[in-house]
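>>> need coordinates for the below:
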Amino acid sequence: MRGVSVFCKVVAATLTVVALGACLGCGGDEAAVPEPGREAAAPGRPRIALIMKSLANEFFLTMEEGAREHQRQHAEKYDLIAQGIKDERDVNRQVQLVEQMMAQNVDAIVIAPADSKLLVSVCKRAMDAGIVVVNIDNKFDDEVLAERDVRIPFVGPDNREGARKVGEYLATYLSEGDPVAIVEGIPTAFNAIQRKLGFEDAMNAAGMNIVASQSGSWETSRANQIVSAMITENPNIKAFLCANDSMALGAVSALRAAGKLDEVYVVGFDNISAVQELLGRGEILATADQHADRLAVFGIEYALEMLAGEAPPEDYETPVDLVTAEDL
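The predicted structure follows:
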């Protein structure tokens, strides 16, 4: 696994820290983006832009905090600009952020794209401008990359494997033939597709009956609505497999309101802190930890290697682990 030692390979001058951007609070507002040209990079030290999805999602706040802490510990190695969007589906805003980072002449962009296809073109333009691009969290679509004749390395976990682990654990609490439902992420996101496939792998192997599957758009409120409707239409559902923890929280809320929380299992994905108490109480059975605090760091380290000419643009798999109440 790549660790902090990776930076020993990077040749950099000793410089001062340039603090760029403002850390967002839990309300989900975007950090202020400096006007192009307002911030000048210190000579010899690369500037890396981290572009995330919704900072209203605790997962990405944790990702940002991990990246900022890493930069503080390695301030002589690089400067960091961290940005996020308000809405998981606001692809256009992410495109604008990439364009703004291009205008500021950053050296590298580490991006968790809101869409696996629509961000490829603007990232290719960034690469054509000499900017290193590293893809984290949600993988770019291989067919679109091939069509654009571009190679962008993906640094992140095997989402299908992580979801399969969660589903297999859930299956030990169910009986063959039990009806279950999947609450998917955004259908155009590669990680959403892979997590759905992983859940299906586990449920099909265990002989469960998947009676419903619908997108909750990664959002708590939307998942709450969907789960409420599903349990009305299929009152015998025994479990909900949610493609992220935000949606798992929505599922728990819906089941509590319906008086079914004690008889229906819920699993999620991401291991955000908001699910820790629910795991302890058994209201969420399991989740998957893809280590949000380290995921951006892995991407930043890889970008630094590429800037130093020491890493080829190849994918790099990061850990994903099953988390249950016993692990707390």
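
>>> how many other residues sit next to the residue nearest to residue 284 when sequence neighbours are not counted?
Closest residue in space to residue 284, ignoring its immediate chain neighbours: residue 278 at 4.3 Å, by C-beta to C-beta, 6 or more residues apart in numbering. Glycine gets a C-beta too; all of them are placed from N, C-alpha and C. The local packing of residue 278 (other C-beta atoms under 10 Å) involves 19 other residues.

>>> and residue 278, that's in a helix?
Yes: residue assignment for residue 278, taken from DSSP: H, G, I helix; E, B strand; the rest coil, places it within a helix.

>>> all strands of the stretch 101-250 of the chain, in order?
Under the criterion DSSP state E, counting those that start in this stretch, the stretch 101-250 of the chain carries strands at the ranges 108-111, 132-136, 154-156, 179-184, 209-215, 239-242.

>>> do you know which of those lies nearest residue 283?
For residue 283, the closest of these is strand 239-242, at 11.7 Å, according to C-beta to C-beta.

>>> who does the closest one pair up with?
If you go by DSSP bridges, strand 239-242 pairs up with strand 179-184 (parallel), strand 265-267 (parallel).

>>> so what's the gap between the shortest one and the chain middle?
Strand 265-267 has its average C-alpha position 20 Å from the chain's average C-alpha position, going by C-alpha atoms, centre = their mean, to the nearest Å.

>>> what do you get for stretch 114-124?
Centroid separation for stretch 114-124 versus its chain: 15 Å, with C-alpha atoms, centre = their mean.

>>> just the CA atoms of it, as CSV, please.
Listed in CSV are the C-alpha atoms of stretch 114-124, where the atom choice follows Å, rounded to 0.1, in the frame of the first residue of the first chain:
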residue,chain,number,x,y,z
ALA,A,114,-20.3,13.0,-9.9
ASP,A,115,-20.8,11.3,-13.2
SER,A,116,-18.6,8.5,-14.7
LYS,A,117,-19.1,9.7,-18.3
LEU,A,118,-19.8,13.5,-18.4
LEU,A,119,-16.6,14.6,-16.6
VAL,A,120,-14.3,12.8,-18.9
SER,A,121,-14.2,15.5,-21.6
VAL,A,122,-13.2,18.4,-19.3
CYS,A,123,-10.6,16.2,-17.5
LYS,A,124,-9.1,15.4,-20.9
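
>>> got a list of what residue 131 touches?
Contact partners of residue 131, counting by C-beta atoms under 8 Å, 6 or more residues apart in numbering, are 101, 102, 106, 107, 108, 109.

>>> quick check: domain ranges of this structure?
When the chain is parsed into structural domains using automatic domain parsing, the resulting residue ranges are 4-155+292-317, 159-289.

>>> before we move on, the earlier item: which one of the strands paired with strand 239-242 lies nearest to residue 46?
When the strands paired with strand 239-242 are compared by C-beta to C-beta, strand 179-184 sits nearest residue 46, at 37.3 Å.

>>> pLDDT of the closest one, averaged?
Summarised as a single mean, pLDDT over strand 179-184 is 98.

>>> returning to that earlier point: need the winner for burial among the domains of the chain.
domain 159-289 (a mean of 21; mean count of other C-beta atoms under 10 Å).

>>> ok now that one, how far from the chain's centre?
With C-alpha atoms, centre = their mean as the basis, domain 159-289 stands 17 Å off its chain's centre.

>>> tell me how far the ends of that domain are from each other?
Taking C-alpha to C-alpha, to the nearest Å as the measure, domain 159-289 stretches 10 Å from start to finish.

>>> who's the closest spatial neighbour of residue 283, skipping the chain neighbours?
Using C-beta to C-beta, 6+ apart and skipping the chain neighbours, the partner closest in space to residue 283 is residue 252 (5.3 Å).

>>> on the three-state scheme, the one you found is what?
Counting by three-state DSSP, the backbone at residue 252 sits in helix.

>>> for it, what are its contacts?
Taking C-beta under 8 Å, 6+ apart as the test, what residue 252 contacts is 261, 266, 278, 283, 284.

>>> can you pull out the helices in the stretch 51-200 of the chain?
58-73, 91-103, 120-128, 142-147, 159-171, 190-205 (DSSP state H, counting those that start in this stretch).

>>> nearest residue to the residue most central in space within the chain other than its sequence neighbours?
For the chain, the residue nearest the mean C-alpha position is residue 137 (4.2 Å; C-alpha atoms, centre = their mean). Counting by C-beta to C-beta, 6+ apart, residue 112 is the residue found nearest to residue 137 once chain neighbours are left out, at 3.6 Å.

>>> next up, the contacts around the one you found.
51, 52, 53, 60, 63, 135, 136, 137, 138, 296.

>>> re the thing from before, out of the strands of the stretch 101-250 of the chain, nearest to residue 324?
Evaluated with C-beta to C-beta, these place strand 239-242 nearest to residue 324, the distance being 14.4 Å.

>>> export the contacts of residue 252 as a markdown table, with columns for pLDDT and distance to residue 74.
Output for those, formatted as a markdown table (pLDDT from 0 to 100; distance: C-beta to C-beta, whole Å):
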| residue | pLDDT | distance to residue 74 |
| --- | --- | --- |
| 261 | 96 | 45 |
| 266 | 98 | 39 |
| 278 | 96 | 35 |
| 283 | 97 | 39 |
| 284 | 98 | 35 |
